[in-house]
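**Student:** Sequence and predicted structure, then a few things I'm wondering about:
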Amino acid sequence: MKKRILIPEVSPAILGFATVGGKREKEGPLGEAFDLIDTSDRFCKKTWEKAEAEMQRLSLCKALEKTGKKATELDAVFAGDLINQCAASIFGLVSFPAPFFGIFGACSTLTEGMILASLALQSPGFSLAAVVTSSHNCTAERQFRSPIEYGGQRSPTSQWTVTGAGAYLLSARPEAGAFARITALLPGIALDSGVTDSSNMGAAMAPAAADTFLAYFEENGERPEDFDRIVTGDLGEEGSSLFLEFLEQNGVRNVKNHEDCGALIYDRTRADVHSGGSGCGCAGTTLANRYLPLLQNGKMRRILFAATGALMNAASVQQGLSIPGIAHLVRLESPAAGKEEVWS
Amino acid sequence: MKFEKNNYKRYAKQHARRSPMGKNCLAAFLSGGAICAAGELLYHLFSGVFRFSEKESGLCVSLVLIFFAALFTGIGVFDKIAKHTGAGTLVPFTGFANAVASPAIDAKSEGYVLGVGAKMFTVAGPVLLYGTAAGAVWGLIFWLTARE
């Protein structure tokens, strides 16, 4: 069978990052870790769309500032969001003088971008790339669901789109102070879940997430317990339990170290987010806010991280099409782990 | 991974946590009933105190309910109430007023013509269209059968 894991010759280093969030995200368990917060969710802009674009701009500015890099040093920017035609990414990042790639992978955009950036960094001309993703609760509500002030009840399986943006700088060269290295890539295959209920996206993404992780375990012979954590993007409570059932059915039993960004980002007993968080900003901020600092200081040595996406639009749902899911996986290792053989 | 989507679709539906039907029904009954009782009080106010006719009083009750629903939508509290009351705020005039006011607020960012003007009835439009159409059909039946 065709191999799905790609081992990059040059393991890109995650040099730095910055995250931006809104009010609910600040109140969540990872609220303290955000670099920038605006509790009005407005970011000094008149429309929600402009606010989301501003979040992308701020996150990349801050990531460059924190790492001491200049925008002109960027060889490529891979960015995506949930607004039609990736509008938040383009309007947010148009002021950066760097080659721009707009990408769409729904909520899996973060790792889709990381895989593409890692591949680009294998070319001799590329040494520094940025991956930027964002979502805003109000732009997503407007586009996919009902008007923001509309009074309705949400189903228990529904998820809350995160107002958040994350920017990551990836370098082909090992540099001091890096947070993690990307040592393996597994691009996801879109899998039609058969689920037509757009308020149960966790269930729509769970099969694709399981497919990606199972492909990794099968091909590499490793097990979940070989990692500090295996992390999914935004399956939420509902999707996570279905995901673990899939692993169980396929012989990967007793997984105790699975975490889901959507289940972590909010305090679900207080925040009224039902099954958890979702959106590009969910995995897009949680990777930085929770996992990268732990990898840098060696408290975690290896994790598997797969952002998950539900691939649909408002028209496809109204036309009764089922929702395909996708999960792109990266293996992240602490810069301390295996330093001798790879970094010399 | 072996995967059969039709079986899974069924399983996912079965697996999903259900909405608390009993609690929702009770909340809807109490809140909807309270709104209707308030409407009844207003009716007596208009007909008893202001001496409006039956028709005028009914009209004024609708206007007051619509006004407050739109106001609460505008100041951002309607959705917070409706989250708990559900059909209780949806079924009376209040739900309809919210369904018109909320897209209008949203669409303001696209301007008053292509935004507010074009999108104001995206939620309530179907009710208006099919309500009017059903009224016309019923009118026709009534006209045909009411004649000797």
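**Tutor:** Received it, and whenever you're ready, just let me know what you need.

**Student:** mind listing what the helix or strand hosting A:Tyr168 pairs with, with the direction of each?
**Tutor:** Element membership for A:Tyr168 (DSSP states H and E) is strand A:164-171. Using DSSP bridges, strand A:164-171 pairs in its sheet with strand A:13-21 (antiparallel), strand A:128-135 (antiparallel).

**Student:** Just the CA atoms of that strand, as PDB, please.
**Tutor:** This file holds the C-alpha atoms of strand A:164-171, laid out as PDB (Å, rounded to 0.1, in the frame of the first residue of the first chain):
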ATOM      1  CA  GLY A 164      -9.100  33.500  17.800                       C
ATOM      2  CA  ALA A 165      -6.100  33.700  15.500                       C
ATOM      3  CA  GLY A 166      -2.700  32.100  15.600                       C
ATOM      4  CA  ALA A 167       0.500  32.800  13.700                       C
ATOM      5  CA  TYR A 168       3.400  30.400  13.600                       C
ATOM      6  CA  LEU A 169       6.900  30.900  12.100                       C
ATOM      7  CA  LEU A 170       8.600  27.900  10.700                       C
ATOM      8  CA  SER A 171      12.300  27.800   9.800                       C
END
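
**Student:** Pull the residues that contact the very next helix or strand once past it.
**Tutor:** Going down the chain from strand A:164-171, the next helix or strand is strand A:180-186, by DSSP H and E. Under the contact criterion Cβ atoms under 8 Å, 6 or more residues apart in numbering or on different chains, strand A:180-186 has outside partners A:4-8, A:11-14, A:114-115, A:118-119, A:170, A:174, A:212, A:215-216, A:220, A:291-292, A:295-296, A:306, A:328-335, A:342. For every residue, glycine as well, the C-beta is placed using N, CA and C.

**Student:** and strand A:180-186 with strand A:164-171, angle?
**Tutor:** 100 degrees (axes from the mean of the first three to the mean of the last three Cα atoms, to 10 degrees).

**Student:** can you give me the offset of strand A:180-186 from its chain's centre?
**Tutor:** Relative to the chain's own centre, strand A:180-186 is displaced by 14 Å; criterion: Cα atoms, centre = their mean, to the nearest Å.

**Student:** in its sheet, what does the following helix or strand past that strand sit against?
**Tutor:** Using DSSP H and E, the helix or strand that follows strand A:180-186 in sequence is strand A:191-192. Strand pairing for strand A:191-192, determined by DSSP bridges: strand A:324-333 (antiparallel).

**Student:** Export the strand it pairs with to PDB, keeping only CA atoms.
**Tutor:** Coordinates of each C-alpha in strand A:324-333 appear next as PDB, following Å, rounded to 0.1, in the frame of the first residue of the first chain:
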ATOM      1  CA  PRO A 324     -16.900  15.200   4.600                       C
ATOM      2  CA  GLY A 325     -14.300  15.500   7.300                       C
ATOM      3  CA  ILE A 326     -10.500  15.800   7.100                       C
ATOM      4  CA  ALA A 327      -7.600  15.600   9.500                       C
ATOM      5  CA  HIS A 328      -4.000  16.600   8.700                       C
ATOM      6  CA  LEU A 329      -1.500  15.300  11.100                       C
ATOM      7  CA  VAL A 330       2.000  16.500  12.200                       C
ATOM      8  CA  ARG A 331       4.400  14.900  14.600                       C
ATOM      9  CA  LEU A 332       6.000  17.500  16.900                       C
ATOM     10  CA  GLU A 333       9.000  16.800  18.900                       C
END
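
**Student:** related to what we said a few turns ago, among the contacts of strand A:180-186, filter down to the buried ones and hand me the ChimeraX syntax, if you would.
**Tutor:** With 16 or more other Cβ atoms under 10 Å in any protein chain shown as the criterion, this ChimeraX line picks the buried residues out of these:
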select /A:4,8,11,12,13,14,114,115,118,119,170,174,212,215,216,291,292,295,296,306,328,329,330,331,332,333,334,335
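
**Student:** what packs against the helix or strand of chain B with the lowest mean pLDDT?
**Tutor:** In chain B, the helix or strand scored least confidently by mean pLDDT, DSSP states H and E is helix B:87-90, which has a mean of 91. Secondary-structure packing of helix B:87-90 (3 or more Cβ pairs under 8 Å, 6 or more residues apart in numbering or on different chains; DSSP states H and E): helix B:21-44, helix B:78-85.

**Student:** same for the first one, what does it pack against?
**Tutor:** Contacts defined by 3+ Cβ pairs under 8 Å, 6+ apart place helix B:21-44 against helix B:54-74, helix B:78-85, helix B:87-90.

**Student:** got the angle for the first one vs helix B:78-85?
**Tutor:** Between helix B:54-74 and helix B:78-85, the angle formed by their directions is 100 degrees, by the same axes, to 10 degrees.

**Student:** Thanks a lot, see you next time.
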